[in-house]
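Colleague: What follows is a predicted protein model with its sequence.
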Amino acid sequence: MTHWAIFTGEYPPQIGGVADYTRLVANGLVAAGDSVTVYAPPVAGADSVDVGVLVRRLPDHFGRRGLATLDRELHTPVRPDRLMVQYVPYGYGWKGMNLPFCWWVYRQARRGDRIDLVVHEAFVGFGRNPKYWVVALAQRIMAALLLRAARRVWCAIPMWEQALQPLAPRGVRFHHLPVPSNVPVGPASEDGTPRAYAVGCFSSFGPQMARPLVAVLEHLLPRITGSILLIGLRSKAVREQFVAAHPEAAERLVATGPVEISTVPALLASCEVMLQPVGGGISGRNTATLACLRNSRPVVTTLGPLTEAFWAPSGAVALAPTGDSVAVAQQVERVLGDVGLRQSLALKGRKLYDQIFDLKHTIAALKDAPQPGSIGLGRSRVYKA
């Protein structure tokens, strides 16, 4: 049995993709026979209670007192076998510049601890505004420290590997570790069953989804009949924004607002086609779209610079170029009008999810035991400076 210590900037009841992912991984490792202690910042409200997972809330956001707590708890005769850092620069406080935490992780590696670095985001760009340059530089130093500490570096998407390679020491190993969906699988619906909505969109509706979605809706609503359902956090705000500019859409555009995760499968099943126009293009980080695939829903989404190579040849989603709202709307119209295509997308989408994104592959890769039939997980590439 391996004992893991996992460091994360958020953990339920905190809301966020990294929080959900970390809980999935922690429970998956326990189910595989390991033990897990999660270290996270303080939070109001009760922690999630999962058998075999111990959650320790630090006194601050990985600051001086938090690091002192980690030193006391980890430097005992019974030490964790593996340390895992769920890395998002802004997740560790200090306005995205928590250099002391990264230096602390580096020191643990120098003391002999085995560290797995899971990169959800790498760093911000320098951009044109000088006020962000200090943050951009600090985050590159943070990444360089963590890369020198890690035995293995796991990247949610290949783009992070490309971004981190110039900062990596000679011989560091990069691995691909996509993020599974935490949305459960609902009961299968009968083929041909009438659905309440022609189109659905499942998201937390941050700018990377809300902006392209609004642009697509302007072209899509005149082309189709039936209603469109927006599912998730901030969905009502997106609806209100759109209806304010297009009052004629008020009767056809519906929004749920925040929803319990247990209700999501039924909401997905109520839609003929899922429209997921991701800014930057679909990638393994977009867990809302992965939830659609896992629940065998036909998906129309976007192809962009963040999109991994396997999406297009898989036939698992209908693709249109990111930024081309007309092409996305045309794809939705095409899929709505072709029952056979919808069935094919549903089957291939679920197959792709099972082959790449299922949690069992993530856990097996972390435990050095790749599953038969998996593709793209655990394959390492050695960066040579």
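Modeller: It's in.
Colleague: Could you identify the longest helix within the chain?
Modeller: In the chain, assigned by DSSP state H, the helix with the most residues is helix 133-149.
Colleague: That helix - contacts with which helices or strands?
Modeller: In terms of contacts (3 or more Cβ pairs under 8 Å, 6 or more residues apart in numbering; DSSP states H and E), helix 133-149 is packed against helix 99-110, strand 115-119. The way it works is simple: take the backbone N, C-alpha and C, and place the C-beta from them, glycine included.
Colleague: now the angle from the shortest one to helix 133-149?
Modeller: Put simply, strand 115-119 runs at 140 degrees to helix 133-149, going by axes from the mean of the first three to the mean of the last three Cα atoms, to 10 degrees.
Colleague: Kindly report the same for the first one.
Modeller: Taking the same axes, to 10 degrees, one finds helix 99-110 and helix 133-149 inclined to each other by 10 degrees.
Colleague: Quick check: mean pLDDT of helix 99-110?
Modeller: Across helix 99-110, pLDDT averages out at 97.
Colleague: oh, and call the first residue 30 from now on, that's how I've got it
Modeller: Happy to do that; since the first residue is 30 now, the last one works out to helix 128-139.
Colleague: Could you list the residues in contact with that helix?
Modeller: Applying Cβ atoms under 8 Å, 6 or more residues apart in numbering, the external contacts of helix 128-139 come out as 36, 91-93, 96, 99, 103, 112, 114, 121, 123, 144, 167, 170-171, 174-175, 177-180.
Colleague: Tell me, how many residues neighbour residue 110?
Modeller: 13 (other Cβ atoms under 10 Å).
Colleague: need the contact list for it.
Modeller: 31, 32, 33, 143.
Colleague: how about 7 Å then?
Modeller: Contacts for residue 110 (Cβ atoms under 7 Å, 6 or more residues apart in numbering) come out as 31, 32, 143.
Colleague: those helices in the stretch 230-379 of the chain, which residues are they?
Modeller: In the stretch 230-379 of the chain, the helices defined using DSSP state H, counting those that start in this stretch lie at 236-249, 264-274, 293-298, 316-323, 340-343, 354-365, 368-381.
Colleague: tell me the most buried of the ones you listed?
Modeller: helix 316-323 (a mean of 26; mean count of other Cβ atoms under 10 Å).
Colleague: export that one as CSV, just CAs?
Modeller: The C-alpha coordinates for helix 316-323 follow below in CSV (Å, rounded to 0.1, in the frame of the first residue of the first chain):
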residue,chain,number,x,y,z
THR,A,316,-14.7,18.2,-18.2
ALA,A,317,-18.2,19.5,-19.0
THR,A,318,-17.8,18.3,-22.6
LEU,A,319,-16.3,15.0,-21.3
ALA,A,320,-19.5,14.6,-19.2
CYS,A,321,-21.5,14.8,-22.4
LEU,A,322,-19.4,12.1,-24.0
ARG,A,323,-19.5,9.9,-20.9
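Colleague: Please work out the angle formed by the directions of that helix and helix 368-381.
Modeller: Going by the same axes, to 10 degrees, helix 316-323 makes 110 degrees with helix 368-381.
Colleague: before we move on, the earlier item: rebuild the helices and strands packed on helix 162-178 as TSV, extending it with mean neighbour count and distance to residue 227.
Modeller: What follows is the helices and strands packed on helix 162-178, written out as TSV (neighbours: other Cβ atoms under 10 Å; distance: least, Cβ to Cβ, whole Å):
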stretch	mean neighbour count	distance to residue 227
helix 128-139	18	48
strand 144-148	23	38
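Colleague: now these in a markdown table, with distance to residue 195?
Modeller: Rendered in a markdown table, the data for these read as follows (distance: least, Cβ to Cβ, whole Å):
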| stretch | distance to residue 195 |
| --- | --- |
| helix 128-139 | 17 |
| strand 144-148 | 14 |
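Colleague: quick one: which of the ones you listed is nearest residue 69?
Modeller: helix 128-139 (12.7 Å; Cβ to Cβ).
Colleague: Now find how far off-centre that closest one is within its chain.
Modeller: 25 Å (Cα atoms, centre = their mean, to the nearest Å).
Colleague: Any regions of the stretch 280-414 of the chain where pLDDT drops low?
Modeller: Along the stretch 280-414 of the chain, the model assigns pLDDT under 70 to residues 398-414.
Colleague: repeat that for 90
Modeller: 314, 397-414 (pLDDT under 90).
Colleague: ok, back up a step: kindly reformat the helices of the stretch 230-379 of the chain as JSON lines containing distance to residue 45.
Modeller: What follows is these, written out as JSON lines (distance: least, Cβ to Cβ, whole Å):
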{"stretch": "helix 236-249", "distance to residue 45": "15"}
{"stretch": "helix 264-274", "distance to residue 45": "17"}
{"stretch": "helix 293-298", "distance to residue 45": "16"}
{"stretch": "helix 316-323", "distance to residue 45": "11"}
{"stretch": "helix 340-343", "distance to residue 45": "24"}
{"stretch": "helix 354-365", "distance to residue 45": "27"}
{"stretch": "helix 368-381", "distance to residue 45": "25"}
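Colleague: rewinding a little: drop anything exposed from the contacts of helix 128-139.
Modeller: Applying 16 or more other Cβ atoms under 10 Å to those, the neighbour count classes 36, 91-92, 96, 99, 103, 112, 114, 121, 123, 144, 167, 171, 174-175, 177-179 as buried.
Colleague: before we move on, back to that, of all the helices of the stretch 230-379 of the chain, which lies closest to residue 154?
Modeller: Of all the helices of the stretch 230-379 of the chain, helix 236-249 sits nearest to residue 154, with 15.1 Å by Cβ to Cβ.
Colleague: The closest one vs helix 316-323, what angle?
Modeller: Using the same axes, to 10 degrees: helix 236-249 against helix 316-323 is 60 degrees.
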